[in-house]
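**Student:** I'll drop the sequence and a predicted model, then ask my questions.
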Amino acid sequence: MRPRISRKAFAVLAVVVCLALAGFASYYASRSPDGLNRVAQDHGFDKQQKDHAAGDSPLAGYNAKGVDDKRLSGGLAGVAGVVVVLAFASGLTYVVRRKRDDEPQD
Amino acid sequence: MHIPDGFINAPTSVATAVVAAAGVALALRKAGRELDEKTAPMAGLVAAFIFAVQMLNFPVGAGTSGHLLGGSLAAVLVGPWTAVLCMSVVLITQSLLFADGGITALGSNITLMGIVTVVVGFAVFKTVVRLMPSSARSVAVGAFLAALVSVPAAAAAFVGLYEVGGTADIPLESLVAAMVGWHVLIGIGEAIITGLTVSSVLAVRPDLVHGARGLLTKGPLELRSGLSAQARS
């Protein structure tokens, strides 16, 4: 139970794995409805679904708008998502930790 | 399990938004103590990993798929409060940028996938780790079982929510059977992914696994002390 790679190497490896999964492997994911969508179809309440307010967003449905090649379009959307989530969560963590330094009583 | 707009009525959506906001606000106050200088970068990495793996729907039979939810995985790797934040970041990004999960359903989705899975998963994990001998294997087994239980738990919570505020009249028993049935299968996939991921991190950087903190100070686990695995940290 001791570290075998440096923290920096771990972080780089983790980011590479995330980019590979979202940017490449995602093309091979199942396109069948997920559990909830399947149940909604079987019970007929899928018809209640309303159009998504962000349905015209450039990344809606995990496809980069304007990119015709399916593999590239999905891959780009996945990579963009990883970058955004990484930045968003890291930024939030930074703020949470800084706030804590300011208010040591909690 | 991303709920789209239109499945849950407005008053119930407002109620779950309040629950989600309260949960996230509490997590913002408490997460700081889970993260030190060394483990803080884990939060971003865990959120990014969950986003990536959520794209990888796996077939569970009969034309149905499932994907990782990730609440248990996050709770074991970074602690439950930080896990709520990681899950919320993923769900907000998916809804606003990828149109996955309704915007009016964001509160419901954060409540089910960001809070219920974390609370149930972490409770199962703690129980298993307490009952088993203190070892890396117990942490991996605990993570596996936490994930296994957390997915049908979230599905059952969805049914509860749907009973209160669903926009269609669906008989309770058949909805429970269908939701829990499919999500027991999806939970097996969740458990495998969670167990493998936690084991992998334990193998290379056990000190970065929140759920394994108690292990590192104990002597008998120094199995590789003779090897030249001295990593700089």
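**Tutor:** Received it, and whenever you're ready, just let me know what you need.
**Student:** Tell me where chain B has strands.
**Tutor:** Applying DSSP state E to chain B gives strands spanning B:58-61, B:64-66.
**Student:** remind me, longest helix of the chain?
**Tutor:** Reading this off chain A. Taking DSSP state H as the criterion, chain A has its longest helix at helix A:70-102.
**Student:** nope, chain B
**Tutor:** For chain B, the helix reaching the highest residue count under DSSP H is reported as helix B:172-204.
**Student:** Show me what that helix is packed up against.
**Tutor:** Using 3 or more C-beta pairs under 8 Å, 6 or more residues apart in numbering or on different chains; DSSP states H and E as the contact test, the elements touching helix B:172-204 are helix A:35-43, strand B:58-61, strand B:64-66, helix B:71-78, helix B:136-165. The way it works is simple: take the backbone N, C-alpha and C, and place the C-beta from them, glycine included.
**Student:** From the contact counts, what lies against the last one?
**Tutor:** Identification of packing neighbours for helix B:136-165 by 3+ C-beta pairs under 8 Å, 6+ apart yields helix A:35-43, helix B:10-30, helix B:71-78, helix B:117-131, helix B:172-204.
**Student:** distance between the second one and the chain's centre?
**Tutor:** The gap between where helix B:10-30 is centred and where its chain is centred comes out at 17 Å by C-alpha atoms, centre = their mean, to the nearest Å.
**Student:** So which elements touch it?
**Tutor:** Counting contacts by 3+ C-beta pairs under 8 Å, 6+ apart, helix B:10-30 is packed against helix B:80-98, helix B:106-109, helix B:136-165.
**Student:** Export the ones you listed to CSV and append columns for mean pLDDT, distance to A:A54 and mean neighbour count.
**Tutor:** Shown next, in CSV, are those (pLDDT from 0 to 100; distance: least, C-beta to C-beta, whole Å; neighbours: other C-beta atoms under 10 Å in any protein chain shown):
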stretch, mean pLDDT, distance to A:A54, mean neighbour count
helix B:80-98, 98, 6, 26
helix B:106-109, 98, 11, 26
helix B:136-165, 97, 22, 23
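**Student:** returning to what we had before: okay, the strands of chain B, which one's buried deepest?
**Tutor:** Each of the strands of chain B was scored by mean neighbour count; the highest is strand B:64-66, a mean of 23, by mean count of other C-beta atoms under 10 Å in any protein chain shown.
**Student:** Outside of it itself, list whatever touches it.
**Tutor:** Defining contact as C-beta atoms under 8 Å, 6 or more residues apart in numbering or on different chains, one finds that strand B:64-66 is touched by A:29-35, A:38, B:57-60, B:151, B:182-183, B:185-186, B:189-190.
**Student:** Could you give the number of residues near B:A212?
**Tutor:** Other residues lying near B:A212 total 26 when counted by other C-beta atoms under 10 Å in any protein chain shown.
**Student:** That one reaches B:A140, doesn't it?
**Tutor:** No. In this structure B:A212 lies outside contact range of B:A140 using C-beta atoms under 8 Å: 9.2 Å.
**Student:** before we move on, back to that, so which of the helices and strands packed on helix B:136-165 is nearest B:G101?
**Tutor:** The closest of the helices and strands packed on helix B:136-165 to B:G101 is helix A:35-43. By C-beta to C-beta, the value is 10.3 Å.
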